[in-house]
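Engineer: turn this into a structure:
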Amino acid sequence: MATIEAPSREARSEPQPPYQSYAAIMGVFAGGLGLAGLLGRALGRDPQCQTPLDLAVLSAATFKASRTLARDEVTSFLRTPFVEGEAHTGEGEEPVQTGGLQQAVGELVTCPRCVGTWAAAGLAVTQILAPRFGRMLTWSLASAGVNDFLQAGFAALTRKSNELEQRAG
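Structural biologist: Sure, this is the predicted structure:
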(Lines give C-alpha, C1' and ligand atoms only; values in the text may rest on other atoms or scores of the structure.)
Protein backbone atom coordinates (compact mmCIF):
# COMPACT_ATOMS: atom_id res chain seq x y z
CA MET A 1 0.00 0.00 0.00
CA ALA A 2 1.39 3.43 -0.97
CA THR A 3 1.60 6.17 1.61
CA ILE A 4 1.03 9.83 0.98
CA GLU A 5 3.57 12.16 2.52
CA ALA A 6 3.28 15.88 3.00
CA PRO A 7 5.62 17.83 0.73
CA SER A 8 8.82 18.97 2.37
CA ARG A 9 9.26 22.64 3.20
CA GLU A 10 11.60 23.01 0.21
CA ALA A 11 9.03 21.50 -2.16
CA ARG A 12 6.23 23.89 -1.19
CA SER A 13 5.55 26.67 -3.63
CA GLU A 14 5.53 29.47 -1.05
CA PRO A 15 8.94 30.49 0.29
CA GLN A 16 9.26 30.85 4.04
CA PRO A 17 9.71 34.37 5.40
CA PRO A 18 13.27 35.14 6.54
CA TYR A 19 12.46 35.01 10.25
CA GLN A 20 16.11 34.97 11.38
CA SER A 21 16.77 38.11 9.36
CA TYR A 22 13.68 39.76 10.82
CA ALA A 23 15.01 38.96 14.30
CA ALA A 24 18.43 40.40 13.41
CA ILE A 25 16.86 43.61 12.08
CA MET A 26 14.74 43.98 15.23
CA GLY A 27 17.83 43.34 17.34
CA VAL A 28 19.72 46.10 15.53
CA PHE A 29 16.76 48.46 16.01
CA ALA A 30 16.36 47.75 19.72
CA GLY A 31 20.12 47.73 20.32
CA GLY A 32 20.55 51.02 18.47
CA LEU A 33 17.83 52.67 20.53
CA GLY A 34 19.36 51.29 23.71
CA LEU A 35 22.80 52.61 22.79
CA ALA A 36 21.33 55.98 21.88
CA GLY A 37 19.58 56.09 25.25
CA LEU A 38 22.80 55.32 27.08
CA LEU A 39 24.69 57.92 25.09
CA GLY A 40 21.95 60.48 25.75
CA ARG A 41 22.18 59.76 29.47
CA ALA A 42 26.00 60.01 29.41
CA LEU A 43 25.71 63.39 27.67
CA GLY A 44 23.09 64.59 30.15
CA ARG A 45 20.36 64.95 27.51
CA ASP A 46 16.77 64.80 28.78
CA PRO A 47 14.34 63.32 26.25
CA GLN A 48 11.38 64.07 28.55
CA CYS A 49 11.26 67.75 27.58
CA GLN A 50 9.16 67.03 24.48
CA THR A 51 5.83 68.81 23.92
CA PRO A 52 2.73 67.82 21.94
CA LEU A 53 3.95 70.21 19.22
CA ASP A 54 7.23 68.27 19.08
CA LEU A 55 5.24 65.05 18.57
CA ALA A 56 3.18 66.62 15.77
CA VAL A 57 6.31 67.92 14.03
CA LEU A 58 8.09 64.58 14.49
CA SER A 59 5.05 62.81 13.02
CA ALA A 60 5.01 65.03 9.91
CA ALA A 61 8.78 64.66 9.53
CA THR A 62 8.51 60.88 9.87
CA PHE A 63 5.84 60.80 7.16
CA LYS A 64 8.08 62.74 4.77
CA ALA A 65 11.24 60.80 5.61
CA SER A 66 9.56 57.41 5.24
CA ARG A 67 7.92 58.28 1.91
CA THR A 68 11.23 59.66 0.65
CA LEU A 69 13.18 56.57 1.70
CA ALA A 70 10.62 54.04 0.45
CA ARG A 71 9.36 55.71 -2.72
CA ASP A 72 11.39 58.62 -4.10
CA GLU A 73 13.82 58.36 -6.98
CA VAL A 74 16.48 60.28 -5.07
CA THR A 75 16.81 57.40 -2.57
CA SER A 76 16.57 54.57 -5.12
CA PHE A 77 20.28 53.89 -4.73
CA LEU A 78 19.54 52.72 -1.17
CA ARG A 79 16.77 50.34 -2.29
CA THR A 80 18.38 48.98 -5.48
CA PRO A 81 20.42 46.17 -3.85
CA PHE A 82 17.29 44.86 -2.14
CA VAL A 83 14.52 45.17 -4.77
CA GLU A 84 13.44 44.04 -8.21
CA GLY A 85 11.10 45.76 -10.63
CA GLU A 86 10.63 49.36 -11.63
CA ALA A 87 13.81 50.81 -10.23
CA HIS A 88 13.88 54.48 -9.33
CA THR A 89 10.10 54.90 -8.98
CA GLY A 90 9.47 53.07 -5.73
CA GLU A 91 5.95 52.12 -6.78
CA GLY A 92 6.78 48.97 -8.81
CA GLU A 93 9.64 47.78 -6.66
CA GLU A 94 9.31 44.43 -4.91
CA PRO A 95 11.74 42.92 -2.41
CA VAL A 96 14.09 40.31 -3.87
CA GLN A 97 13.00 36.80 -2.91
CA THR A 98 16.26 35.44 -1.49
CA GLY A 99 14.78 34.16 1.76
CA GLY A 100 17.52 35.92 3.71
CA LEU A 101 18.71 39.28 4.96
CA GLN A 102 18.58 40.88 1.49
CA GLN A 103 14.86 40.04 1.26
CA ALA A 104 14.14 41.23 4.80
CA VAL A 105 15.86 44.57 4.16
CA GLY A 106 13.99 44.82 0.84
CA GLU A 107 10.71 44.37 2.66
CA LEU A 108 11.73 47.08 5.12
CA VAL A 109 12.85 49.68 2.57
CA THR A 110 9.81 49.26 0.30
CA CYS A 111 7.28 49.73 3.09
CA PRO A 112 6.73 53.38 4.12
CA ARG A 113 5.12 52.33 7.42
CA CYS A 114 7.96 49.95 8.24
CA VAL A 115 10.78 52.31 7.36
CA GLY A 116 8.79 55.04 9.12
CA THR A 117 9.48 53.38 12.46
CA TRP A 118 13.19 53.61 11.76
CA ALA A 119 12.87 57.19 10.50
CA ALA A 120 10.96 58.24 13.64
CA ALA A 121 13.58 56.65 15.87
CA GLY A 122 16.42 58.22 13.90
CA LEU A 123 14.85 61.67 14.03
CA ALA A 124 14.06 61.38 17.75
CA VAL A 125 17.58 60.20 18.54
CA THR A 126 19.05 63.01 16.44
CA GLN A 127 16.98 65.56 18.37
CA ILE A 128 18.37 64.22 21.65
CA LEU A 129 22.01 63.64 20.68
CA ALA A 130 22.44 66.65 18.33
CA PRO A 131 19.56 68.96 19.29
CA ARG A 132 20.26 71.86 16.93
CA PHE A 133 20.80 69.68 13.89
CA GLY A 134 17.98 67.32 14.90
CA ARG A 135 15.49 70.13 15.31
CA MET A 136 16.47 71.71 11.99
CA LEU A 137 16.24 68.35 10.19
CA THR A 138 12.92 67.44 11.79
CA TRP A 139 11.30 70.82 11.13
CA SER A 140 12.58 70.83 7.53
CA LEU A 141 11.17 67.37 6.84
CA ALA A 142 7.91 68.25 8.61
CA SER A 143 7.53 71.37 6.47
CA ALA A 144 8.17 69.33 3.34
CA GLY A 145 5.58 66.77 4.48
CA VAL A 146 2.97 69.46 5.08
CA ASN A 147 3.86 70.90 1.67
CA ASP A 148 3.13 67.49 0.11
CA PHE A 149 -0.37 67.55 1.62
CA LEU A 150 -0.99 71.14 0.55
CA GLN A 151 0.17 70.41 -3.00
CA ALA A 152 -2.05 67.32 -3.20
CA GLY A 153 -5.00 69.28 -1.82
CA PHE A 154 -4.43 72.12 -4.27
CA ALA A 155 -4.22 69.66 -7.19
CA ALA A 156 -7.45 67.95 -6.06
CA LEU A 157 -9.28 71.27 -5.71
CA THR A 158 -8.04 72.38 -9.13
CA ARG A 159 -9.24 69.11 -10.75
CA LYS A 160 -12.64 69.40 -9.06
CA SER A 161 -12.96 73.06 -10.06
CA ASN A 162 -12.14 72.20 -13.67
CA GLU A 163 -14.69 69.34 -13.62
CA LEU A 164 -17.42 71.64 -12.30
CA GLU A 165 -16.51 74.34 -14.82
CA GLN A 166 -16.75 71.84 -17.70
CA ARG A 167 -20.14 70.54 -16.48
CA ALA A 168 -21.49 74.06 -16.18
CA GLY A 169 -20.60 74.72 -19.63
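
Engineer: quick check: which ranges of this protein have low pLDDT?
Structural biologist: Per-residue confidence of the chain (counting by pLDDT under 70) places the weak regions at 1-14, 49, 87-91.

Engineer: G44 belongs to a helix?
Structural biologist: No - counting by DSSP: H, G, I helix; E, B strand; the rest coil, G44 is not part of a helix but coil.

Engineer: what separates it from G116, distance-wise?
Structural biologist: For G44, the distance to G116 equals 29 Å [Cβ to Cβ, to the nearest Å]. For glycine as for every other residue, the C-beta is placed from the backbone atoms N, C-alpha and C.

Engineer: the two - which one has more neighbours?
Structural biologist: G116 (19 against 6; other Cβ atoms under 10 Å).

Engineer: from F63, how far out is that one?
Structural biologist: Separation of G116 from F63 (Cβ to Cβ) stands at 7 Å.

Engineer: could you do P17 as well?
Structural biologist: From P17 over to F63 the distance is 27 Å, taken as Cβ to Cβ.

Engineer: over to G122?
Structural biologist: Summarising the geometry, the distance separating G122 from F63, computed by Cβ to Cβ, is 14 Å.

Engineer: with L150 instead?
Structural biologist: Taking Cβ to Cβ as the criterion, L150 is separated from F63 by 13 Å.

Engineer: these two: who's more crowded?
Structural biologist: F63 (21 against 10).

Engineer: now L38: phi and psi?
Structural biologist: With angles defined as degrees, to the nearest 10, L38 sits at phi -60, psi -40.

Engineer: now do the same contact list for it.
Structural biologist: When contacts are counted by Cβ atoms under 8 Å, 6 or more residues apart in numbering, L38 touches no other residue.

Engineer: quick one: it and A124, what's the gap?
Structural biologist: In this structure, L38 and A124 are 15 Å apart, going by Cβ to Cβ.

Engineer: same check on F82?
Structural biologist: Applying Cβ to Cβ, one obtains 25 Å for the distance of F82 from A124.

Engineer: tell me which helix or strand the spatially most central residue of the chain sits in.
Structural biologist: Taking Cα atoms, centre = their mean, the centroid of the chain lies closest to V115, which sits 2.2 Å from it. In the assignment (DSSP states H and E), V115 maps to helix 112-129.
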